[in-house]
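Trainee: Predicted model and sequence follow; I will ask about them next.
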Amino acid sequence: MIHISAWEATEGLFAGAAELVDAQAPLIVYGPFFEAHVETAPSNAAFDQDLRCRDPRWGLRHLVDIDKLAEDECFKRTARYVMPANNLTLVYRRK
């Protein structure tokens, strides 16, 4: 959802989760991301380009931006799992 939607949808996801997710429950997101100091797989770069051609508001997000948005909504990333096909599972919990 994060990469195939406008940034405002991701903002809405975290804002809504801040209101609805129980303090003990995780918010889990999955997909491809750009990460500092991690080389982007060619397939992810091509996917990002394809998404942006379909809609310029779409595309892979930088993990630092997701973490900042999470912090702004009182979430902290507590886990990062590398998944198949150059994807990540990210776990956020309310602070």
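Mentor: On my side now, so go ahead. Note that the structure is a prediction, hence the values are computed from the model and not measured.
Trainee: unless I'm mixing things up, Arg52 is touching Gly59, no?
Mentor: Yes: look at Arg52 against Gly59 with C-beta atoms under 8 Å: they come within range, at 4.7 Å. Every residue, glycine included, has its C-beta placed from N, CA and C.
Trainee: who's more crowded, the two?
Mentor: Legend: neighbour count by other C-beta atoms under 10 Å for Arg52 and Gly59, higher for Gly59 (21 against 13).
Trainee: Pull the contacting residues for that one.
Mentor: Residues near Gly59 by C-beta atoms under 8 Å, 6 or more residues apart in numbering: 3, 48, 51-52.
Trainee: can you do 10 Å?
Mentor: 2-4, 7, 32, 34, 47-53 (C-beta atoms under 10 Å, 6 or more residues apart in numbering).
Trainee: what does Phe75 give?
Mentor: With C-beta under 10 Å, 6+ apart, Phe75 has these contacts: 14, 17-18, 21, 26-27, 66-67, 69, 91-95.
Trainee: That one pairs with what?
Mentor: Here Phe75 sits in beta bridges with Arg94, as judged by DSSP bridges.
Trainee: Tabulate the contacts of Gly59 in CSV, adding columns for secondary structure and distance to Asn86.
Mentor: As requested, those are exported to CSV (DSSP: H, G, I helix; E, B strand; the rest coil; distance: C-beta to C-beta, whole Å):
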residue, secondary structure, distance to Asn86
Ile2, coil, 15
His3, coil, 12
Ile4, coil, 16
Trp7, helix, 21
Pro32, coil, 6
Phe34, strand, 11
Phe47, helix, 9
Asp48, helix, 11
Gln49, helix, 15
Asp50, helix, 14
Leu51, helix, 14
Arg52, helix, 17
Cys53, helix, 19
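Trainee: Not counting stretch 7-26 itself, show me its contacts.
Mentor: 1-3, 5-6, 27, 29, 57-59, 61, 65-66, 69-75, 78-79, 90-95.
Trainee: tell me which residues in it are buried?
Mentor: 10, 13-14, 17, 21, 26 (16 or more other C-beta atoms under 10 Å).
Trainee: residue ranges of the helices in the protein, please?
Mentor: 7-20, 42-54, 63-72 (DSSP state H).
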